[in-house]
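[1] just coords:
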């Protein structure tokens with residue numbers, strides 16, 4: 001993808017990683033887990049990294065202490081929220097949706113740094129179209145916004161179109177491993193984009209998704 005013309009000359013970057021989406025993408029499409037030290041090196045490439053944030057959802061019964069310790073050693077700041085799980089009512093198979101809401105938090109963190117003039121480039125490691133507005137907001141303020149993901153086809157065009165540059169993450173940053181039982185427990189569902197995923201999930205209707213989302217909101 002060709003670089004779009006932006007008048008950005010500095011090399012101060014901020015890296016913002018949507019961990020849950022990256023985890024599932026690496027696991028189910030490439031059969032492994034991401035080496036976050038190599039990810040940081042792949043993105044930085046000699047530039048000055050002012051901040052590197054990872055956005056994590058704490059999964060029930062999963063010990064993330066060693067993972068978080070490794071992230072801190074690499075130099076990441078950890079932003080963490082507890083996971084909330086509901087089961088899809090009326091689904092043929094026992095399917096669960098994880099309520100994840102880091103989009104607003106990521107947007108606030110990014111815009112705070114952009115508005116303070118502390119960054120020249122935002123490096124967003126995400127593939128979800130829900131972050132499209134923040135990409136547009138960043139570029140409108142003459143700040144470069146790069147999007148990183150495992151392949152254009154796996155990244156929403158809503159992110160790719162407004163960004164300054166899309167970079168395909170290399171498979172070399174993925175450590176191959178076997179799928180564990182806890183990995184199979186959840187299906188990643190973006191409740192705001194039900195129409196785009198509904199045909200690929202057997203036994204779940206659009207009405208099921210709406211009911212699940214309503215139940216989540218009522219529990220807030």
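    Arrived safely. A quick note: this is a predicted structure, and the numbers were derived from the prediction, not measured.
[2] Next, find the distance separating residue 103 from residue 10.
    From residue 103 across to residue 10, the span is 27 Å (C-beta to C-beta, to the nearest Å). For every residue, glycine as well, the C-beta is placed using N, CA and C.
[3] ok, now residue 140?
    Applying C-beta to C-beta to residue 140 and residue 10 gives a distance of 18 Å.
[4] One more: residue 55?
    For residue 55 relative to residue 10 (C-beta to C-beta), the value is 25 Å.
[5] which one of the two has more residues nearby?
    residue 55 (24 against 13; other C-beta atoms under 10 Å).
[6] so what's the backbone phi/psi at that one?
    The phi and psi values for residue 55, taken as degrees, to the nearest 10, are phi -110, psi 110.
[7] Test my guess that it contacts residue 22.
    No. Counting by C-beta atoms under 8 Å, residue 55 does not reach residue 22; the two are 9.8 Å apart.
[8] Okay, now the unreliable bits of the chain?
    1-9, 60, 83-101, 177-220 (pLDDT under 70).
[9] For residue 64, give me phi and psi.
    According to degrees, to the nearest 10, residue 64 has phi -100, psi 10.
[10] so who does it touch?
    By C-beta atoms under 8 Å, 6 or more residues apart in numbering, the contact list for residue 64 reads 56, 58.
[11] 10 Å - rerun?
    For residue 64, the contact set (C-beta atoms under 10 Å, 6 or more residues apart in numbering) comprises 19, 56-58, 71, 78, 80.
[12] Now tabulate these in a markdown table and tack on secondary structure and distance to residue 121.
    Shown next, in a markdown table, are the contacts of residue 64 (DSSP: H, G, I helix; E, B strand; the rest coil; distance: C-beta to C-beta, whole Å):
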| residue | secondary structure | distance to residue 121 |
| --- | --- | --- |
| 19 | helix | 20 |
| 56 | strand | 23 |
| 57 | strand | 26 |
| 58 | strand | 30 |
| 71 | helix | 21 |
| 78 | strand | 22 |
| 80 | strand | 25 |
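[13] Mark which of those residues are buried, thanks.
    19, 56-57, 71 (16 or more other C-beta atoms under 10 Å).
[14] what two of those residues are the furthest from one another?
    By the measure C-beta to C-beta, the buried ones among the contacts of residue 64 have their two most distant members at 57 and 71, which lie 13.8 Å apart.
[15] just the helices in this protein please.
    Along the chain, counting by DSSP state H, helices occupy 19-30, 36-44, 65-74, 103-115, 132-140, 157-160, 181-184, 194-197, 206-218.
[16] Of all those, which one comes closest to residue 125?
    Residue 125 lies closest to helix 19-30 among the helices of the chain, at 6.1 Å (C-beta to C-beta).
[17] tell me the angle the closest one makes with helix 36-44.
    For helix 19-30 against helix 36-44, the angle by axes from the mean of the first three to the mean of the last three C-alpha atoms, to 10 degrees is 100 degrees.
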